[in-house]
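Engineer: sequence and predicted model, in that order:
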Amino acid sequence: MKRKRRVRIFVFAFLVALLFLSGCAYFSKPAPVGDAPPVIDKIFASPTLYRWDTWKIFIQAHDPDGDMWEIRFRIKQPGVGYNEFQGDVRLPADLWEKMDGYCYMLPPGPRQKVSFIDLVMSVQVVDRGGRSSEKFELPLSMGGRAGVPDPEGFSRVPLVPVPYTVRSTEDED
């Protein structure tokens, strides 16, 4: 009987401590948000690819305040509708101040009948305060010619996947 009572008291004290700690975390001051917008220093993506190649978008960007928050990808692909709110990728904390590497977009699956695709992807970096970098538009023609070699001066580190998969506008089998 005494043992059950001690266990109940221990569990109660533990829950009270958890509530207290979560309350402290809730009311703690968030990290400051700076006034300077992020800057995309360099960006490159091959304008052509063979079908089923992975598209790499090389990007170098920095934020003077160290509060880069996400990359916004938007695709304009004739004949295919996309949700305008899809395409935001939150950055891991180690990339908030500076990033150098590539983002990648998966090609259409081998079951899709894809002969040729044209699209334009816009890329923009946004900080925690909602300020955004300049928007870059990158065209892609997939299916006809090989891509150009990876550029010099960019890191070969993969950063984040692009939250789109290119889709065929042709009828599937």
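Structural biologist: Noted; the coordinates are in hand.
Engineer: for R156, give me its contacts.
Structural biologist: G101, Y102, D150 (C-beta atoms under 8 Å, 6 or more residues apart in numbering). All C-beta spots, glycine's among them, are computed from the backbone N, C-alpha and C.
Engineer: for whichever strand or helix holds the second one, packing partners?
Structural biologist: What that stands for is Y102. Assigned by DSSP states H and E, Y102 falls within strand 98-106. Under the contact definition 3 or more C-beta pairs under 8 Å, 6 or more residues apart in numbering; DSSP states H and E, strand 98-106 sits against strand 55-62, strand 68-76, strand 158-165.
Engineer: just put the contacts of R156 in a markdown table and tack on pLDDT.
Structural biologist: Shown next, in a markdown table, are the contacts of R156 (pLDDT from 0 to 100):
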| residue | pLDDT |
| --- | --- |
| G101 | 94 |
| Y102 | 94 |
| D150 | 89 |
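Engineer: quick one, the helix or strand harbouring F44 and strand 55-62 angle?
Structural biologist: Here F44, judged by DSSP H and E, is contained in strand 39-45. Relative orientation of strand 39-45 and strand 55-62, computed by axes from the mean of the first three to the mean of the last three C-alpha atoms, to 10 degrees: 160 degrees.
Engineer: what residues sit buried inside strand 39-45?
Structural biologist: I40, I43, F44, A45 (16 or more other C-beta atoms under 10 Å).
Engineer: cheers, nothing more for now.
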